[in-house]
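**Student:** Predicted coordinates and the sequence they were generated for:
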Amino acid sequence: MSEILKGNKVQGKLRAPRQLDGIRVCEHDGCETLLSRYNKRAHCYTHTPTRFPRLRGRVVPES
């Protein structure tokens with residue numbers, strides 16, 4: 001009787017995610033939130049400046 005091996009292909013990324021060194025704190029004055037070593041931004045979620053998406057060819061009402 002023959003034995004059959006089954007497996008799955010490797011999925012996802014093959015290399016580890018980038019990590020930043022050291023203990024990092026949000027840059028906002030008075031905020032002591034520790035940032036994840038995988039978060040490349042300088043602010044925590046609460047103090048991240050608002051960014052608006054680029055809308056091409058659409059008229060957005062002001063109110």
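**Tutor:** Arrived safely. Residues are numbered from 1 along each chain as shown.
**Student:** from here on, contacts and neighbour counts on C-alpha atoms
**Tutor:** Fine.
**Student:** mind checking pLDDT for residue 17?
**Tutor:** Each residue has a pLDDT score; the one for residue 17 is 81.
**Student:** how close does it sit to residue 41?
**Tutor:** Applying Cα to Cα, to the nearest Å, the value for residue 17 to residue 41 is 15 Å.
**Student:** Between the two, which is the more surrounded one?
**Tutor:** residue 41 (13 against 7; other Cα atoms under 10 Å).
**Student:** per-residue confidence at that one?
**Tutor:** 91.
**Student:** list the contacts for the residue nearest the centre of the chain?
**Tutor:** Central residue of the chain (Cα atoms, centre = their mean): residue 39, 6.0 Å from the mean position. For residue 39, the contact set (Cα atoms under 8 Å, 6 or more residues apart in numbering) comprises residue 20.
**Student:** what's the neighbour count on residue 28?
**Tutor:** Residue 28 has 14 neighbours, counted by other Cα under 10 Å.
**Student:** Quick check: which ranges of the chain have low pLDDT?
**Tutor:** Within the chain, the segments meeting pLDDT under 70 span 1, 58, 63.
**Student:** Residue 20 contacts residue 38, doesn't it?
**Tutor:** Yes. Under the criterion of Cα atoms under 8 Å, residue 20 makes contact with residue 38 at 6.4 Å.
**Student:** ok, now how distant is residue 36 from residue 55?
**Tutor:** On the measure of Cα to Cα, residue 36 and residue 55 end up 31 Å apart.
**Student:** With residue 48 instead?
**Tutor:** 21 Å.
**Student:** of those two, who's got more company?
**Tutor:** Set residue 48 next to residue 55 and count neighbours by other Cα under 10 Å: residue 48 wins out with 13 against 8.
**Student:** Okay, and the more buried one sits in which element?
**Tutor:** Assigned by DSSP states H and E, residue 48 belongs to neither a helix nor a strand.
**Student:** Contact partners for it?
**Tutor:** For residue 48, the contact set (Cα under 8 Å, 6+ apart) is empty.
**Student:** try residue 38
**Tutor:** Applying Cα under 8 Å, 6+ apart, the residues near residue 38 are 17, 18, 19, 20.
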